[in-house]
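Peer 1: Take a look and give me a structure for this.
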Amino acid sequence: MNRLSKFPYRIQFTPEFGFANAQAIASFLAELGISHIYASPILTARKGSTHGYDTVNYNEISPELGGKEQFEELIEALKQLNIGWVQDIVPNHMAFDSQNQMLVDVLENGSDSQYRDYFDITWNHHYEENRGKVLAPFLGKFCGDCLESGELQLQYDENGITINYYSLKFPIRVESYYQVLTYDLGRLREKIGRDHPCFMKLLSVLYMLKYTPSGEEGRERYDQIAIVKRMLWELWNDSPEVKEFIEENIRIFNGEPGKPESFNLLENLLSDQFFRLSYWKVGNEELNYRRFFTVNELICLRIEEEKVFENTHALILELVKEEKFNGLRIDHIDGLYDPATYLNLLREYAPEVYLIVEKILEPKEELPITWPIQGTTGYDFLNQVNGIFCLQSAEQEFDDIYHRFIKKEVSCEDLIDQKKRLIISKDLAGDIDNLAHLLKQISGRYRYASDFTMYGLKAALVEILAVFPVYRTYISSTGASKTDQEYIQQVLERAKQNIPNFLNELNFIEKFLHLDFDDSLKEEDKQQWLHFVMRLQQMTGPLMAKGVEDTVMYVYNRLLSLNEVGSHPAHFGISLEDFHTFNQNRLAAWPHAMNTTSTHDTKRGEDVRARINVLSEIPQEWENNLKQWRDINAPQKISVGGRDVPTPNDEYLFYQNLIGAFPFKDEEYPQFVERMQQYIIKAIREAKVHTAWLKPDTDYENAFTEFAEQVLKEPENNPFFEAFRPFQRKIQYYGVFNSLSQTLLKLTAPGVPDTYQGTELWDLSLVDPDNRRPVDYQARQEYLQEIKSKAETDLSGLITELLQNPEDGRIKLFLTYQVLQARRQHLEVFQRGSYSKLTVAGSLKSHVVGFARELGDKKIIAIAPRFFTSLVKEGEYPLGEQIWQETRIVPPADSSPVWQDAITGQQVQGEDTLWVREILQQFPVALLVNQSQQ
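Peer 2: Purely as a prediction, here's the structure:
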């Protein structure tokens, strides 16, 4: 069971697109050929969540998506259509939010909470202010300022007393109720009398508060808290005098703006809590809980603890057992303390489930072969298939163009180093500090390390983290793999070269990373060493993600189609030989890993990349247009702080994205201008050069968006448009053919082809949230019905029509549909068949990507052309003898001479040679199925 055979379809569930909406498109998906819904997280997330990765309850299906009832209805509808379900799950983190009842319990009860060990919190933190508390860095300004401005407010309801900051609610520890309820208690006594039943009941509440159980008496504590809260709520509702007393005390505690001394009571109350409210920027420097990357609002779990695993996976595993989930996608596997142990545990509970991990592999990096999974979510495939459409021979020319335009030379490797160090010093300063303190605490136990200073240890750690070449290693109690040892050695050699003054500290850390235990080391000390190493490994992933994906990829703008999750922007495409080798290796090791070309996290839609790749084929034309556009738009630039906005590098980024994402249809243009402006803000903040999320420069941002608005104003009488549109149309034209080739390769290469929602038509989206816009399924359903109807009566005429009218995307939908039908018909070939590159001969052989899939005597050939600008003029089609001339393919041995194209239906004949001119007569790509001898 733990393999998928056909074609999963990614759906991003939101409150606006829930289970009922998915049920409405189920028949469309079935007709298209979809085998499984591939769902974003569906367990209860923070209210209003548009992505589901901010879980608040692992044991409830999200009511906002339709709840259990509509989920069951959807499951039943899908089963009727033979569609399964692959579920994205989030084991690494939850929302830091008052809707998260497990976390609320921790905030209310601290070390006495039954969930104390569920979250990755350092209770005994090196900063005294954080000891025994959870830092809560969510205030918009300093805590004292929020206090004296009246933004922090006590509030009481049935659930108890909370400290509120706008929509955020933090439960105060029940022992603190005593301060609120005993303040000026004589006032109430005088009003209703000592012997009043309600006063006596309140005294009982106060007595229980004074002697609240703790420690070993955990169950008794919870019982007593429940009694206290119930009695207090009864008093609130039964006694107007008690209610008035509590309301007045809360008003007094909340203070009066303009009178600083009036906030003393609330300040004292705050200091007594199990949380420490602080300015949000404090989180980057003094954080005492692990978070997802740099997102304070996502607190990480200790999923390596079996009780945490069982609690958070109970519903997931129940749905797997009931075969409602056929597959699981593990989000951010590298964030876990011990990924291998987690995966082995999950496999033990769900031995048959299809299991894939979101794992970013650097070029040439391999997935740990011992993991009990089917493979990755497909970023490795994405970058391989994207890379073969970039003309490698143009690299130097492209470098020169980029450097001339931005008026300086830049090195991608240098930028990666700079930006990782920037992230270390700013966004991850507190995380590094925590790691250094852990190391200092351990080093103090050893004679040869007792003199190491925090400064020296931190300097050594920073260097190791900065030069780390991959997301992480996987050293654990079972040791280190040969690959991990090689990475560690590479890291240490570079670090020692870079900071020779800290060799002693680096040598000390080297002992840890190699698990080179001293002979006299006790088992407890060995565990501490190992704990430090595993903590360090959890740090390298967030640093790589924030430093490279979320910074360098918005700064190094040479060719933006190459700036994608899991890529290395310095690599200017890949060779065809490397692409085939990748597919052969994938088939051997991970035949059921996913193939993707778009996800909810990709920087650009697949068809945006397909367009931008065309630029690599025509560098001189690109440069000529760049210069012209720059000159035309120079008057639109605004001077901010002595510099023209946008700067050359940002302007270069702007034009590429404009070319890539420009809509086919005029009616989409007004919305597109707004989308570009929103994208600009995100891109330049991520770049962290002129503005940043932590410190926005609104003058620069406004100047850039104003520039975009001016140059993109109404196309009529717009000199920029007159210069831009002809070139953009040309790129758009060739981009269509790139996209069709890319689609065919994804659907036929080894692996499980995944389609992101809506990308069966053109995907001209930019980075999220742009790529999570609503999908028009009504249009897709109508298009598919039209395609199926016309294909039955006049397939050749349909293909001609689609080629002549590519703007609506039906041509991509047609290709997807045809190949999926072939995939279903020849299921075993695509699922288990071998992979071999085809020998291509002739003057245009570099333009043809060809491979064969074989199983027994069944043989299928995929043909996908590339580099179209030198094949055909704009307006011409890459079809027939005039284009392909003598270019030919050697079919697999022992093939019959008759082949049929599963896309066009045409037959092609050839025993030892297949002529491309005959194969590509009607359609730009082909999928040839060998016909049995009669």
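Peer 1: Double-check Ile268 against Gln179; I have them as touching.
Peer 2: For residue 268 the amino acid is Asn, not Ile. Yes - if you go by C-beta atoms under 8 Å, Asn268 and Gln179 touch, sitting 7.3 Å apart. Yep, even glycine has a C-beta here, placed from its N, CA and C like the rest.
Peer 1: more crowded one of the two?
Peer 2: Under the criterion of other C-beta atoms under 10 Å, the comparison of Asn268 against Gln179 puts Gln179 first, with 17 against 12.
Peer 1: Leaving out sequence neighbours, find the closest residue to the more buried one.
Peer 2: Closest residue in space to Gln179, ignoring its immediate chain neighbours: Leu269 at 5.7 Å, by C-beta to C-beta, 6 or more residues apart in numbering.
Peer 1: same thing with Ile37?
Peer 2: Nearest one to Ile37, counting by C-beta to C-beta, 6+ apart, is Trp85 at 5.3 Å.
Peer 1: Surely the one you found is in a strand?
Peer 2: Yes - counting by DSSP: H, G, I helix; E, B strand; the rest coil, Trp85 is found in a strand.
Peer 1: what about it, distance to Asp223?
Peer 2: The gap separating Trp85 from Asp223 is 40 Å, by C-beta to C-beta, to the nearest Å.
Peer 1: Looking at these two, which is more packed in?
Peer 2: Ranked by neighbour count (other C-beta under 10 Å), Trp85 and Asp223 place Trp85 first, with 23 against 12.
Peer 1: Give the full set of residues in contact with the more buried one.
Peer 2: Listed by C-beta atoms under 8 Å, 6 or more residues apart in numbering, the contact set of Trp85 reads 36-37, 39, 75, 78, 324-327.
Peer 1: now swap in Leu415 and tell me
Peer 2: Neighbours of Leu415 in contact, by C-beta under 8 Å, 6+ apart: 552, 555-556.
Peer 1: again, but for Leu784
Peer 2: Applying C-beta under 8 Å, 6+ apart, the residues near Leu784 are 28, 31-32, 813, 817.
Peer 1: from those, which is closest to Tyr446?
Peer 2: Among the contacts of Leu784, Leu32 lies closest to Tyr446 (C-beta to C-beta), at 62.9 Å.
Peer 1: so can I have CSV of the contacts of Leu784 showing secondary structure and neighbour count?
Peer 2: Shown next, in CSV, are those (DSSP: H, G, I helix; E, B strand; the rest coil; neighbours: other C-beta atoms under 10 Å):
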residue, secondary structure, neighbour count
Phe28, helix, 19
Glu31, helix, 15
Leu32, helix, 20
Leu813, helix, 23
Tyr817, helix, 21
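Peer 1: which among the residues you listed gets closest to Phe170?
Peer 2: Phe28 (45.6 Å).
Peer 1: Touching, Met676 and Asn657? I think so.
Peer 2: Yes - using C-beta under 8 Å, Met676 is in contact with Asn657, at 7.1 Å.
Peer 1: Check which strands are paired with the one helix or strand Gln900 maps to and give the direction for each one.
Peer 2: Assigned by DSSP states H and E, Gln900 falls within strand 898-901. Each strand that pairs with strand 898-901, with its direction, by DSSP bridges: strand 907-909 (antiparallel), strand 926-930 (antiparallel).
Peer 1: quick one: the strands in the stretch 101-250 of the chain?
Peer 2: Counting by DSSP state E, counting those that start in this stretch, the segments of the stretch 101-250 of the chain that form strands are 134-139, 152-157, 160-165, 168-171.
Peer 1: For the last one, which helices and strands make contact with it?
Peer 2: The one in question is strand 168-171. helix 101-109, strand 160-165 (3 or more C-beta pairs under 8 Å, 6 or more residues apart in numbering; DSSP states H and E).
Peer 1: swap in the second one?
Peer 2: Contacts of strand 152-157 with other secondary structure elements, assessed using 3+ C-beta pairs under 8 Å, 6+ apart, are made with strand 160-165, helix 240-253, helix 264-271.
Peer 1: what's the second one packed up against?
Peer 2: The reference is to helix 240-253. Using 3+ C-beta pairs under 8 Å, 6+ apart, helix 240-253 sits against strand 152-157, helix 177-182, helix 185-192, helix 197-210, helix 218-238, helix 264-271.
Peer 1: To Asp112, which of these lies closest?
Peer 2: Across the helices and strands packed on helix 240-253, closest to Asp112 is helix 218-238 (C-beta to C-beta), at 5.7 Å.
Peer 1: Touching that closest one from outside, list them.
Peer 2: 109, 112, 114, 156, 158-160, 174, 177, 198, 201-202, 204-205, 208-209, 212-214, 242-243, 246.
Peer 1: out of those residues, which are buried?
Peer 2: 109, 112, 156, 160, 174, 177, 198, 201-202, 205, 208-209, 212-213, 242, 246 (16 or more other C-beta atoms under 10 Å).
Peer 1: Just grab the bridge partners of Arg10 for me.
Peer 2: Under the criterion used (DSSP bridges), Arg10 bridges to Tyr38, Tyr756.
Peer 1: how about stretch 64-75: buried residues?
Peer 2: Buried residues in stretch 64-75 (16+ other C-beta under 10 Å): 64-66, 70-71, 74-75.
Peer 1: Format those residues as TSV; extra columns: pLDDT, distance to Gly378 and secondary structure.
Peer 2: Output for the buried residues of stretch 64-75, formatted as TSV (pLDDT from 0 to 100; distance: C-beta to C-beta, whole Å; DSSP: H, G, I helix; E, B strand; the rest coil):
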residue	pLDDT	distance to Gly378	secondary structure
Glu64	98	28	helix
Leu65	98	25	helix
Gly66	97	28	coil
Gln70	98	29	helix
Phe71	98	26	helix
Leu74	98	25	helix
Ile75	98	25	helix
